[in-house]
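J.: Below is the structure, and that's it, no one-letter string:
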């Protein structure tokens with residue numbers, strides 16, 4: 001995975017922002033900086049910038065690069081279609 005941050009699709013950004021504003025409890029799937037795949041259930045706290053990179057902060061204190069998010073709830077991030085999640089049995 002590239003270390004360079006890539007801004008995300010505006011529509012998906014708006015979804016994330018709405019969840020953070022509502023402090024919604026979400027199921028989020030994402031890749032770590034060493035390409036580990038995680039699924040977490042937590043409250044979305046806020047979106048914020050650190051330098052040029054944008055993050056989603058969870059109430060647990062975890063900070064997730066927006067460009068590493070794969071899915072939030074049942075909404076896949078751009079570039080990840082339903083075929084990507086065929087083996088996801090936790091639905």
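T.: Arrived safely. Quick caveat: nothing in here was measured; it's all calculated off a predicted structure. Numbers count the residues shown, from 1 in each chain.
J.: Let me see the residues that make contact with the helix or strand hosting residue 14.
T.: Using DSSP states H and E, the element containing residue 14 is helix 10-21. For helix 10-21, contacts defined as C-beta atoms under 8 Å, 6 or more residues apart in numbering pick out 24, 26, 44-47, 56, 66, 69, 72, 75, 77-78. No exception for glycine: its C-beta is placed from N, CA and C like everyone else's.
J.: where in the chain is pLDDT low?
T.: Along the chain, the parts satisfying pLDDT under 70 run over 1-3, 82-91.
J.: what about the longest strand in it?
T.: Criterion DSSP state E: the longest strand present in the chain is strand 37-50.
J.: can you pull the buried residues of the helix or strand following it?
T.: Next along the chain after strand 37-50, taking DSSP H and E as the criterion, comes strand 53-58. Neighbour counts over strand 53-58 (16 or more other C-beta atoms under 10 Å) mark 54, 55, 56, 57, 58 as buried.
J.: try stretch 68-78
T.: Residues 68, 69, 70, 71, 72, 76, 77 are the ones in stretch 68-78 that count as buried (16+ other C-beta under 10 Å).
J.: Thanks a lot, catch you later.
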